[in-house]
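Q: Below: sequence and its predicted model.
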Amino acid sequence: MKRHLLSTAPAVLVLAVLGTLGGCASSSKPNAPMQAATQPSGNNANAAQSNVAAVQAPVESNLGPAPNVPRSVYFAFNKYNIESKYRPVIEDNAQYLVGHPAAHVQLQGNTDARGSREYNLALGQKRADAVMNAMELLGAKPSQMEAISFGKERPKAMGHTSADYAENRRTDIVYQR
């Protein structure tokens with residue numbers, strides 16, 4: 001029995017060290033990779049740490065296509081059909097999903113403040129579903145998308161002008177982690 005315990009002691013020690021290192025890596029701050037990369041690497045240990053940090057940083061900052069790709073589709077009053085001018089928005093976002101099978105988006109349907117809560121929730125859902133269907137036709141998988149409605153509950157513009165109403169009639173394409 002003693003012999004068995006002694007032969008497993010090194011394995012237990014290795015697991016304990018790995019567990020401790022794993023805990024340290026998860027508590028790193030987003031700015032830590034940049035600081036580690038800019039420190040002078042006088043020995044191999046610092047160089048190894050900066051390489052690990054550089055690999056972890058892009059995962060958090062790379063959600064979705066390039067920042068210049070629009071992520072909202074706007075709709076006419078009481079409508080949920082997608083106008084042709086928004087086809088490039090849908091194509092670019094669908095293309096990103098096709099090229100990144102692990103990516104996931106939430107399609108958030110919104111309406112302006114006019115109408116009942118129930119009506120606006122239903123209209124927002126139809127808008128989100130329309131964007132989802134269009135992206136699916138372009139090759140994005142349904143499992144990568146979730147269509148939800150916020151109705152009039154999340155306005156982008158708070159005023160009551162026609163421009164404010166137009167800004168709120170939209171589906172936002174929101175990339176999830």
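A: Sure thing, it's come through. Being a predicted model, the structure only gives us computed values, none of them experimental.
Q: which residues in this protein form strands?
A: Taking DSSP state E as the test, the strands found in the chain are 72-74, 104-110, 145-151, 170-176.
Q: Could I get the ones you listed in TSV, plus columns for mean pLDDT, mean neighbour count and distance to Gly64?
A: For every residue, glycine as well, the C-beta is placed using N, CA and C. Shown next, in TSV, are the strands of the chain (pLDDT from 0 to 100; neighbours: other CB atoms under 10 Å; distance: least, CB to CB, whole Å):
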stretch	mean pLDDT	mean neighbour count	distance to Gly64
strand 72-74	98	20	12
strand 104-110	98	22	8
strand 145-151	98	20	13
strand 170-176	97	21	4
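Q: could you dump those strands to CSV with distance to Leu63?
A: Shown next, in CSV, are the strands of the chain (distance: least, CB to CB, whole Å):
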stretch, distance to Leu63
strand 72-74, 16
strand 104-110, 9
strand 145-151, 15
strand 170-176, 4
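Q: right, so of those strands, which gets closest to His160?
A: For His160, the closest of the strands of the chain is strand 104-110, at 15.8 Å, according to CB to CB.
Q: Show me the domain layout of this protein.
A: 2-61, 72-176 (automatic domain parsing).
Q: mean pLDDT lowest for which of those?
A: Note on the domains of the chain: lowest mean pLDDT is at domain 2-61, with a mean of 40.
Q: And the helices in the protein, which stretches?
A: Secondary structure of the chain (DSSP state H): helices located at 2-26, 32-38, 44-61, 87-99, 117-137, 162-168.
Q: now the fourth one and strand 104-110, what's the angle there?
A: In this case it means helix 87-99. 150 degrees (axes from the mean of the first three to the mean of the last three CA atoms, to 10 degrees).
Q: Need the residues that contact helix 87-99.
A: Contacts to helix 87-99, defined as CB atoms under 8 Å, 6 or more residues apart in numbering, come from residues 64-65, 69-73, 82, 103, 105, 131, 134-135, 138-141, 144-145, 173.
Q: pretty sure Asn110 is touching Glu167, no?
A: No - at 9.4 Å, Asn110 does not count as touching Glu167 under the criterion of CB atoms under 8 Å.
Q: shared neighbours, these two?
A: Taking CB under 8 Å, 6+ apart as the contact rule, Asn110 and Glu167 both touch Pro155, Lys156.
Q: Might one say that Ala128 is in contact with Thr111?
A: No - with contact defined as CB under 8 Å, Ala128 and Thr111 do not form a contacting pair (10.9 Å).
Q: Pick out whichever of those two has more residues nearby.
A: Neighbour tally, Ala128 and Thr111, criterion other CB atoms under 10 Å: the higher count belongs to Thr111, 31 against 27.
Q: which non-adjacent residue is nearest the more buried one?
A: Distance criterion CB to CB, 6 or more residues apart in numbering; nearest residue to Thr111, sequence neighbours excluded, is Asn120 at 4.1 Å.
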